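Chemist: requesting a structural model of the entry that follows:
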Amino acid sequence: MSSMQTIPLSPVDGPPEKTKKYDRQLRLWGDHGQTALESAKICMVNATATGTEILKNLILPGIGSFTVVDGHKVTGEDVGNNFFLDRKLIGQSRAQAATEFLLELNEDVDGDFIEESVDVLLDNNPEFFNNFSLVIVTQLPERSLLRLANTLWEADIPLLICRSYGFIGYIRLVTREHTIVESHPDNVIEDLRLDCPFPGLIKFCDSLELQNMDLKMHCHTPWLVILYKYLQQWKQEHNGQPPKSYKEKNGLRALLRTGIRRKENGCLEEEENFEEAIRNVNTALLPTKVPEEIENIFQDECCNELHSESKPFWILARAVKEFKKNAGQGHLPLRGMIPDMTADSERYVQLQNVYREQAKNDISIVTNHVQTLLQSIGRDEPLTIQKNTRSPASSPGKPQDHITDDDIKTFCKNAGFLRVVRCRSLGSEYDSTTFKSSELASRLEDCEEDEDVIYYVLLRAVDRFYSEWNRYPGYYADTTETDIPQLKSAVNKLLQEWCLPQCIKDDYIHEFCRYGASELHSVASFIGGTAAQESIKLITGQFLPINNTFIYNAMRQTSVTIKL
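Modeler: Numbering: from 1, shown residues only. The predicted model follows:
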């Protein structure tokens, strides 16, 4: 009998019901993004209302596993604002209770809990947190938070700090370096290269003769070809120069209109392809150049000084830089895609293949550069690996990650949209000697217009208050009035340390004392959704995360992002 080898299926290529289950999100971040998500290990510190909302929004799309670290017991306050806890659980372990309810959301996800505080874990087993892809912290006092943040910073583990305080929400991302290949920008200009056509495009366009076509063929010639041909005619009449000014581009549009055929009665034929060419004059003729953000990446020390521990992102970035300097003649690899347009199927597919072939050639050249670079740093590794064993193309990437053919293809396709996010450590932010007071000062100059930034100062002040009194201002109703001057003193001391004017009105201080550190579910739910979204960006390596502080004002439904 002949033996049959069974090939294990990847999570996305597996059972149809799983693909169907995650269909909508697969359209957002693709199968490689889902694979990264299903491989993620998340640590959640404190199963508060905010913490469970974050986990809910990560468990539903299918993270690999989560661990809740929480040494608290369930209280009546927890039951009042946390949908994942109920009255009969009061007095029991909050970590265990929340984990059991959360696991009911998705059978594909594994969950665990540890009934210990962060401080106990850091004292007895500081390496515990090194096992996670991402650590998320909610409602943690400043002293414990700084200890954990410093430990994770040294281990290069991303940290997401989340908080709901009355009507105010807060998120802070702490990561040494996060690289993004698939940033998914909102407004993308097509990479058509009409200003610097490649040989394949020139040959294809020159093979089509508009004047010899019948009306049907003329009406269904791709507008890209039409624009190319009339652009060449314009250049012949203008010393080889393309139209640059608004007036010149209008002149090219007028030239294009002369190409529309007329009926026997003298009226213009309805040729939508020519109208498309006219509409696309502005965007299609934009100069092909390397964006400033990409030039900055090419000049980065990590790109120019590769070593055996370099991340795949930087090796690929260096390979693309070498392509640009040599075969690319100053340009990035061609994306290889064209937009939809009025055309017959045959010539549209032919044109599409022209771009795909050029993109394929560019990828091949970049691949050769990658191989050369890997050999130069002592990492002679294969470039073709089974899809189910590869790391995501857009993930931050660890030094030992292999670079696959799919990685190179994805990188070349998105070479114009690469991004690198580097955050400051929390210790640098909380040290008054290295605090970025100038950034805060510019925002506080107009407190009325930029009100949300004030809440950052107040959140830092209530932490100072907690460090001194071991409770938050207004936590006990009978101390609210006496806490107001104490909180005001904490605010003024902070502003003095930062060399900033004391511009925060008493109304804000009174308001924060009235909050009493309460965690409102509506605010917790909003922060939970936002933090889960930022977590998925970090895990999949797609889309651009915040850098680095996000503040939400539920009273005005406004928010602000500030780099501190």
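
Chemist: what are the buried residues along whichever helix in the chain runs longest?
Modeler: Longest helix of the chain, by residue count under DSSP state H: helix 345-376. Neighbour counts over helix 345-376 (16 or more other C-beta atoms under 10 Å) mark 347-348, 351, 354-356, 358-359, 361-363, 365-367, 369-371, 373-374 as buried. (C-beta placed from N, C-alpha, C; glycine too.)

Chemist: equivalent analysis for stretch 533-550, please.
Modeler: 533-543, 545-550.

Chemist: same question, stretch 125-132
Modeler: For stretch 125-132, a neighbour-count test (16+ other C-beta under 10 Å) marks 128-129, 132 as buried.

Chemist: off-centre distance for that stretch?
Modeler: Relative to the centre of its chain, stretch 125-132 is centred 25 Å away, using C-alpha atoms, centre = their mean, to the nearest Å.

Chemist: Ile365: what's its closest spatial neighbour, skipping adjacent residues?
Modeler: Ala327 (4.9 Å; C-beta to C-beta, 6 or more residues apart in numbering).

Chemist: secondary structure class for the one you found?
Modeler: Here Ala327 is recorded as coil under DSSP: H, G, I helix; E, B strand; the rest coil.

Chemist: and it, how far from Ile377?
Modeler: Here Ala327 is placed at a distance of 22 Å from Ile377 (C-beta to C-beta, to the nearest Å).

Chemist: for stretch 171-179, what is the average pLDDT?
Modeler: If you average the pLDDT over stretch 171-179, you get 96.

Chemist: circling back to that earlier point, right, and the helix or strand after the longest helix of the chain?
Modeler: Downstream of helix 345-376, the first helix or strand assigned by DSSP states H and E is helix 405-413.

Chemist: only alpha carbons, please: show that next one as PDB.
Modeler: Written as PDB, here are the backbone C-alpha positions of helix 405-413 (Å, rounded to 0.1, in the frame of the first residue of the first chain):
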ATOM      1  CA  ASP A 405       9.400  34.900  -0.500                       C
ATOM      2  CA  ASP A 406       6.000  36.100   0.600                       C
ATOM      3  CA  ASP A 407       7.600  38.500   3.100                       C
ATOM      4  CA  ILE A 408       9.700  40.000   0.300                       C
ATOM      5  CA  LYS A 409       6.700  40.300  -2.000                       C
ATOM      6  CA  THR A 410       4.600  42.000   0.600                       C
ATOM      7  CA  PHE A 411       7.500  44.300   1.600                       C
ATOM      8  CA  CYS A 412       8.000  45.400  -2.000                       C
ATOM      9  CA  LYS A 413       4.300  46.000  -2.600                       C
END
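
Chemist: residue numbering should commence at 30 henceforth.
Modeler: Done: numbering now begins at 30, and the last item shifts to helix 434-442.

Chemist: beyond it, next helix or strand please.
Modeler: Taking DSSP H and E, what comes next after helix 434-442 is strand 448-450.

Chemist: and that following strand, which strands flank it?
Modeler: strand 207-209 (antiparallel) (DSSP bridges).

Chemist: spit out the contact partners of Cys441.
Modeler: Contact analysis of Cys441 by C-beta atoms under 8 Å, 6 or more residues apart in numbering lists 349, 361-362, 364, 388, 391-392, 395.

Chemist: brain fart, Ser374
Modeler: Taking C-beta under 8 Å, 6+ apart, we find Ser374 in contact with no residue.

Chemist: what's the answer for Ile71, then?
Modeler: 84, 87, 92, 94-96, 161-165, 564.

Chemist: could you rerun that using 7 Å?
Modeler: Applying C-beta atoms under 7 Å, 6 or more residues apart in numbering to Ile71 gives the contacts 87, 92, 95, 161-163, 165.

Chemist: same list, those residues, but as CSV with secondary structure, pLDDT and distance to Tyr259 please.
Modeler: Converted to CSV, the contacts of Ile71 look like this (DSSP: H, G, I helix; E, B strand; the rest coil; pLDDT from 0 to 100; distance: C-beta to C-beta, whole Å):
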residue, secondary structure, pLDDT, distance to Tyr259
Leu87, helix, 97, 53
Ile92, coil, 96, 53
Phe95, strand, 97, 59
Phe161, coil, 96, 58
Ser162, coil, 96, 53
Leu163, strand, 97, 53
Ile165, strand, 98, 56
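
Chemist: and the two most separated of the residues you listed?
Modeler: Leu87 and Phe161 (12.6 Å; C-beta to C-beta).

Chemist: between the contacts of Cys441, which is nearest Glu304?
Modeler: Once C-beta to C-beta is applied, the member of these that ends up nearest Glu304 is Arg364, at 25.0 Å.

Chemist: ignoring the adjacent residues along the chain, who's closest to the closest one?
Modeler: In space, Arg364 comes closest to Asp220 once its chain neighbours are excluded; the distance is 4.2 Å by C-beta to C-beta, 6+ apart.

Chemist: and what of Thr463?
Modeler: Ranked by C-beta to C-beta, 6+ apart and with sequence neighbours excluded, the top spatial neighbour of Thr463 is Ser457, at 4.7 Å.

Chemist: got the phi/psi numbers for that neighbour?
Modeler: The phi and psi values for Ser457, taken as degrees, to the nearest 10, are phi -70, psi -40.

Chemist: what's the burial count for it?
Modeler: 15 (other C-beta atoms under 10 Å).

Chemist: now Met366
Modeler: Using other C-beta under 10 Å, Met366 has 14 other residues around it.

Chemist: how near is it to Val147?
Modeler: Met366 is 48 Å from Val147, by C-beta to C-beta.

Chemist: ok, now Gly105?
Modeler: From Gly105 to Val147 the distance is 24 Å (C-beta to C-beta).

Chemist: more neighbours, the two?
Modeler: Val147 (23 against 9).

Chemist: doesn't Val98 make contact with that one?
Modeler: Yes. Using C-beta atoms under 7 Å, Val147 is in contact with Val98, at 6.5 Å.

Chemist: find residues that contact each of these two.
Modeler: If you check Val147 and Val98 against C-beta under 7 Å, 6+ apart, the residues they both contact are Val74.

Chemist: pull the contacting residues for Leu281.
Modeler: Listed by C-beta under 7 Å, 6+ apart, the contact set of Leu281 reads 259, 263, 272, 310.

Chemist: how many neighbours does the first one have?
Modeler: Okay, so that is Tyr259. Count around Tyr259 with other C-beta under 10 Å applied: 22.
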